[in-house]
Each structure stands twice: as structure tokens, then as C-alpha cells.
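Participant: here is a sequence with its predicted model. Questions after.
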Amino acid sequence: VAFVVCRSLEGLKTFTYLEELILDNNLLGNDLLLPRLPHLHTLTLNKNQISFQRNTCKILLDHLAEVVPSLQYLSLLGNIACPNELVCKEKDEDDYQRYRYFVLHKLTNLKFLDTRKVTTREREEALIRGAFMKVVKPK
């Protein structure tokens, strides 16, 4: 397990056998670039600055799919991208579920997203509709 508090992740490229990485509370955004970490199965990015603005979150999720192919557990709690009705009154459980479908559509090997196990039903729904599930509400 590596605990990193920084803005640059350049040094991680030497840890090719890294399995768990906790990058909570680091002001990381959608421009996060990880080196290829083929053995990484757990990644937490809680309380950073990841959002669904424009297509940037899609780009981040595509990047993660490419560089961490063994990823099974991802947590994005506390980011703008992860809608939470307890933190923001404009968000509800439906927003959170749409977010889950979108992430699962991009990261098909996940077994856990945030604190919840990925269900068979969610995986099926993500395959069918996940690409269209960005959480966007009219103002």
C-alpha cells in the first residue's frame, strides 16, 4: 500500500507491482495521469477534484481502463463526479445510480465502486445504457 500526498505521480512508474494505491485528499482532477500499473486492483481517489465537466471524466475513466487493467475496487467519494444526496441537496439516489452505470460502463472489471459491491443487474444495465448515463440536470 502506498500513501501519497502530492500533485505529481511521476514516481509511481517505478512501482509496477503496486496492488493498492490511496490518493485521497490530494486536489487531483480529471487531468490525473497514472503510469501503467498492471497489478493495481484497488484505487481510492476520495475527496479530490474529479468532476463530470464536459468530457473530462470520460477521458479519465478511459485512461484508468487502459493503465490499470486489473482494477477491481475504485472509490471516488467526495468528488463532484460522485453525486451524494447527503452532501448536496440537488443530488439524489437516482443521480448516484446513473453515475454508477456510467463508471461501470467504462471500467467493466470493477467488483466494488465506492462502498458498494457491483451487482449483476448493475453490470447488465451499465452495458446497455451506461454510455448515456452522465449525471446532468437542467438548471
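Facilitator: Cool, the structure landed. Keep in mind that this is a model prediction, so the values were computed, not measured. Numbering: from 1, shown residues only.

Participant: residue 108: what's it in contact with?
Facilitator: 65, 123, 126-127 (C-beta atoms under 8 Å, 6 or more residues apart in numbering). Just so you know, the C-beta spots here come from the backbone N, C-alpha and C atoms, and that holds for glycine as well.

Participant: how about JSON lines for the residues you listed, with neighbour count, distance to residue 79 and pLDDT added?
Facilitator: Shown next, in JSON lines, are those (neighbours: other C-beta atoms under 10 Å; distance: C-beta to C-beta, whole Å; pLDDT from 0 to 100):
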{"residue": "65", "neighbour count": "14", "distance to residue 79": "18", "pLDDT": "97"}
{"residue": "123", "neighbour count": "16", "distance to residue 79": "22", "pLDDT": "94"}
{"residue": "126", "neighbour count": "22", "distance to residue 79": "19", "pLDDT": "93"}
{"residue": "127", "neighbour count": "13", "distance to residue 79": "24", "pLDDT": "90"}
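
Participant: among those, which one lies nearest to residue 44?
Facilitator: When the contacts of residue 108 are compared for distance to residue 44 (C-beta to C-beta), residue 65 wins out at 17.1 Å.

Participant: what's downstream of the helix or strand containing the closest one, the next helix or strand?
Facilitator: Secondary structure from DSSP states H and E places residue 65 in helix 56-67. As assigned by DSSP H and E, the chain's next helix or strand after helix 56-67 is strand 73-75.
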